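Peer 1: 3D, please:
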Amino acid sequence: MIIFGVDFGDTRTGWAVCDRSELMASPAGVLTEKSFRRCAEQTAEAAKNARAERIVVGYPKNMDGSCGERAQKCEAFAQLLGELTGLETVLWDERCTTVSAHQILNVTNTRGKKRKAVVDAVAAVIILESYLQYRKNSGA
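Peer 2: Predicted coordinates for the structure are as follows:
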């Protein structure tokens, strides 16, 4: 199944996609868009272009597991994506993914403008890889 991963942000939204065998997630781009609605529409279009069969949206819970304002925004974004695409949209715990993305970019010595341009796509890959690992381990 082709699954589209999303790291939704107020300004930049990262995208990732996996192959049909669900073995590997790859960056699919970063959208710079501040309008909630336009971001959802463009993300839905990107998912359709990728022939996605499911969308996984990062769900930024607080470290204590509670849901704050950011998580609520992601819930609304995922719901709108589902309406726009007709696809199942899954919220996936993304605690610490941006930190992990920055650590990966440190290892690869990616700095400055290039880092800013890719960090959200790397975070989307981490979200999607985590979800794929869950599917593999649980048989879901």
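
Peer 1: for this structure, what spans make up the strands?
Peer 2: 3-7, 12-18, 25-32, 54-59, 88-93 (DSSP state E).

Peer 1: What sits closest to residue 81 if chain neighbours are left out?
Peer 2: The shortest distance from residue 81 to any non-neighbouring residue, by C-beta to C-beta, 6 or more residues apart in numbering, is to residue 89 (5.1 Å). All C-beta spots, glycine's among them, are computed from the backbone N, C-alpha and C.

Peer 1: Neighbours of the one you found, how many?
Peer 2: 23 (other C-beta atoms under 10 Å).

Peer 1: close enough to count as contact, it and residue 55?
Peer 2: Yes: between residue 89 and residue 55 a contact is recorded at 4.6 Å, counting by C-beta atoms under 8 Å.

Peer 1: Rank the helices and strands of the chain by mean pLDDT and give me the bottom one.
Peer 2: When each helix and strand of the chain is scored by mean pLDDT, DSSP states H and E, helix 97-107 comes last, with a mean of 58.

Peer 1: No further queries at this time; thank you.
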